[in-house]
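**Student:** Just the structure for this:
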Amino acid sequence: MATFGSEDVQQILQRAMADKQQENFSEQQLQEMAADLGISFITLQTAQQQWQQEKEIMKRRQASNSHRLQKIKPHLISYLVVNLFLIVLNLVVSPGYFWAIYPLLGWGLGLGLHASSVYLQN
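**Tutor:** Below you'll find the predicted structure:
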């Protein structure tokens, strides 16, 4: 008879659970599976609470990142459109002197500071 380490058991069970993706499990079934694996009810409850807390933290992070991106996106789009126009204008009107670098760098610095202030907020 084969023996398995705890990591092997976890990987095997994860694959078996992935095969049953469409099926939902009740709390009773979760408790029965834990009991079959020798996991106490208290340990299962602690793990479940930690999992729920981590899930909530990830949900808040995703919402926060989405909100931050929405604050910067319009500024970034206008920066790209206007500066692309200025670069094309520069190349058509005076290709010998690249003057478009000045608004590109100046506005880019402002945009970078704006982005850092948005992403460094708590």
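**Student:** Arg15 and Ile39, how far apart?
**Tutor:** Relative to Ile39, Arg15 is positioned 19 Å away (C-beta to C-beta, to the nearest Å). To be clear about C-beta, it is placed using only N, CA and C from the backbone, and glycine gets the same treatment.
**Student:** Between these two, tell me which one has more neighbours.
**Tutor:** Set Arg15 next to Ile39 and count neighbours by other C-beta atoms under 10 Å: Ile39 wins out with 14 against 9.
**Student:** Is that one in a helix, a strand, or coil?
**Tutor:** coil (DSSP: H, G, I helix; E, B strand; the rest coil).
**Student:** Backbone dihedrals for it, both of them.
**Tutor:** Main-chain torsions, Ile39, degrees, to the nearest 10: phi -100, psi 130.
**Student:** That one and Met33: what is the separation?
**Tutor:** Ile39 is 8 Å from Met33, by C-beta to C-beta.
**Student:** now Val82
**Tutor:** Distance of Val82 to Met33, given as C-beta to C-beta: 59 Å.
**Student:** can you give me the helices in this structure?
**Tutor:** 6-19, 27-36, 41-93, 101-119 (DSSP state H).
**Student:** Which of those helices comes out lowest on mean pLDDT?
**Tutor:** Note on the helices of the chain: helix 6-19 shows the lowest mean pLDDT, a mean of 79.
**Student:** what's the angle between that helix and helix 27-36?
**Tutor:** Between helix 6-19 and helix 27-36, the angle formed by their directions is 150 degrees, by axes from the mean of the first three to the mean of the last three C-alpha atoms, to 10 degrees.
**Student:** what's next to helix 6-19, contact-wise?
**Tutor:** Phe4, Leu37 (C-beta atoms under 8 Å, 6 or more residues apart in numbering).
**Student:** could I get it in CSV with only the CA atoms?
**Tutor:** What follows is helix 6-19 as a C-alpha-only set of coordinates in CSV (Å, rounded to 0.1, in the frame of the first residue of the first chain):
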residue,chain,number,x,y,z
SER,A,6,0.8,15.8,3.7
GLU,A,7,1.9,17.9,0.7
ASP,A,8,1.1,15.0,-1.6
VAL,A,9,-2.3,14.5,0.0
GLN,A,10,-3.1,18.2,-0.4
GLN,A,11,-2.1,18.2,-4.1
ILE,A,12,-4.1,15.1,-4.8
LEU,A,13,-7.2,16.5,-3.1
GLN,A,14,-6.8,19.8,-4.9
ARG,A,15,-6.8,18.0,-8.2
ALA,A,16,-9.8,15.9,-7.2
MET,A,17,-11.7,19.1,-6.1
ALA,A,18,-10.8,20.8,-9.4
ASP,A,19,-12.4,17.9,-11.3
